[in-house]
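*Asks:* Pasted the sequence and its predicted model underneath.
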Amino acid sequence: MTLAEYFATPDARRILLLEIQRTDAAATCYRISDEPYITDPADTPSSCAYSPIIGGSGLPEFRRVVNDVFDGGASTGFGTVTLASTSAAYTSSAGAGNAVMTLPRGTAVTLKVAAPRDQFAYSTAITLATGKINRIGGSSDGDLSLEIIDGSADIAAKQIAIDTAVAPLCFGYCRNVTPFLTDPATLKYTVHDSAVNDITAVYDDGVLLTLGTDYTKTVASGYFNLVGSPAGTITCDVQGAKVSGTWLQSTQQVIGHLLDRAGVTSYTRAYNSVPSGTIGLYLTATETLGSLLNKLMQGCAGYWLLDRTGVLTFAQYPLPSTATVVYDEKSLLDRVQIDESDRLYSAVKYQYRTNWTTQTQVRPAATAAQAAFAASAGLLGSTTLTPAAEYTYTDSPLLVTYFDGSADAAAAAGSMQTLYGVPRKIITSVVPYSDTLALGDQVSLSWFGSSYSGAVVGLGDVFDGAY
């Protein structure tokens, strides 16, 4: 019998384990459970006792939600775990024992669910979630409360700093950007704080200037110099950051560099079906990393979050496909709630090739195409489908993408058209804890002749020891 099969039996026992790993010199790890548990000599760690001090109902609801693409990113939440004592069993490089816990804010926490050790090895325990301690409380009764968070708030709060005296930041292919005039004496205009792939065009109030005659460029340092004083506003088209010889063009490449730049390097990263088309992102003021990640992933019709195991995940919004997990009326634990979505779009409008400098007027010598582009927010497109006569459709919100090409933007919008072009149902039910579901998993629910297949967009894990 596998662990999943065991957990599917009505009399299965589920033991909650908390492992709180400090970063002190001895690498102290406090080990806590909601009922007695000890590993065997053959386990790693061996012969290790867990203190059964988790009180209340154990782990509070662990919530994960993928928000609507047009409304924002994803969210997760843990809650507070109550412990009956401030002392717990621990292991460290110096040995093992029992001691009053020292729990600095940010201490790593791993939550696992295990079967009784006499039936299943410790190595089979399922990791429910990873997080870190945020706040600690207690009472005169000697109990202790731990608020656990997943770290996404800390990631989102990181800043991508822009020094306006030095340089903006340019990634991918950015059109009609306003560079920083960093040396008026030499008419030096900077587009990035280091090497760029190319500066493909320079404009003076919309009029295309000539390389060599009107300006020179130094792409290895991300700037160009005008030969003479400009008549108006200087803008340019730039193929941005070139890092270690590679032009960063795709969403994945740009996100990876932003994470590195912000110092978010301790998480494993996963990119699930993130489009590879060339994007453009131009930053002229300091912005939070969370805001940038939200913009870029929404532009891909996607989201980002830390999954239950602490993997920093970037993915497109899940669409229903072939089910990999099936629940029927024998396994559903509560009534099924079905709600029709109130959004039905006959077309999804999208924006691409962002214009980074809006100019309502340019000089007459500018081309008509450049004048029209400079006056817009970017180029626009729309998906189409044949509406069903019986349905009432509304206009979609504008899907703002950062793609440079229309085909890449149309593909993202097409994904949303698949979702919003037909009536969809939001189905809520309670299922047994036999499989650890994840956002985006494809599931099928069947009951009394009705059957629906869909993608998981919200989860709430409730661990109270019951079936």
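*Replies:* Yes, it's here. Numbering: from 1, shown residues only.
*Asks:* Format the CA atom coordinates belonging to stretch 397-404 as PDB.
*Replies:* Provided in PDB are the C-alpha atoms of stretch 397-404 (Å, rounded to 0.1, in the frame of the first residue of the first chain):
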ATOM      1  CA  PRO A 397     -10.600  44.900 -20.200                       C
ATOM      2  CA  LEU A 398      -7.500  45.800 -22.100                       C
ATOM      3  CA  LEU A 399      -4.800  43.100 -21.700                       C
ATOM      4  CA  VAL A 400      -1.600  45.200 -21.500                       C
ATOM      5  CA  THR A 401       1.300  43.000 -22.700                       C
ATOM      6  CA  TYR A 402       4.900  43.900 -23.000                       C
ATOM      7  CA  PHE A 403       5.500  41.900 -26.100                       C
ATOM      8  CA  ASP A 404       7.100  43.700 -29.100                       C
END
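*Asks:* pLDDT on that stretch, on average?
*Replies:* For stretch 397-404, the mean pLDDT works out to 96.
*Asks:* go on, stretch 89-106?
*Replies:* For stretch 89-106, mean pLDDT is 94.
*Asks:* tell me which residues in it are buried?
*Replies:* Buried residues in stretch 89-106, counted by 16 or more other C-beta atoms under 10 Å: 89, 90, 91, 92, 101, 103. For glycine as for every other residue, the C-beta is placed from the backbone atoms N, C-alpha and C.
*Asks:* Stretch 165-182 too?
*Replies:* For stretch 165-182, by 16+ other C-beta under 10 Å, it's 167-180.
*Asks:* which of the residues you listed lies closest to residue 307?
*Replies:* For these, the minimum distance to residue 307 (C-beta to C-beta) is 25.5 Å, reached by residue 171.
*Asks:* Residue 274 versus the closest one, what's the distance?
*Replies:* 15 Å (C-beta to C-beta, to the nearest Å).
*Asks:* for residue 263, same thing?
*Replies:* Taking C-beta to C-beta, one finds residue 263 at 22 Å from residue 274.
*Asks:* which stretches of the stretch 51-200 of the chain have low pLDDT?
*Replies:* 56-60, 71-74 (pLDDT under 70).
*Asks:* Tell me which entries of the buried residues of stretch 165-182 lie within strands.
*Replies:* 169, 170, 171, 172, 173, 174, 175, 176, 177, 180 (DSSP state E).
*Asks:* thinking again about what came up before, what's the closest of the buried residues of stretch 165-182 to residue 43?
*Replies:* Nearest member of these to residue 43, counting by C-beta to C-beta, is residue 171, at 47.3 Å.
*Asks:* show me what contacts that closest one?
*Replies:* 240, 241, 248, 254, 257, 279, 280, 281, 282 (C-beta atoms under 8 Å, 6 or more residues apart in numbering).
*Asks:* what secondary structure does the last one sit in?
*Replies:* On the three-state scheme (DSSP: H, G, I helix; E, B strand; the rest coil), residue 282 is labelled strand.
*Asks:* So what sits opposite it in the bridge?
*Replies:* Note on residue 282: beta-bridge partners residue 170, judged by DSSP bridges.
*Asks:* So it is in contact with residue 170, correct?
*Replies:* Yes. Counting by C-beta atoms under 8 Å, residue 282 does reach residue 170; the two are 5.3 Å apart.
*Asks:* Now the common contact residues for those two.
*Replies:* 177, 238, 240.
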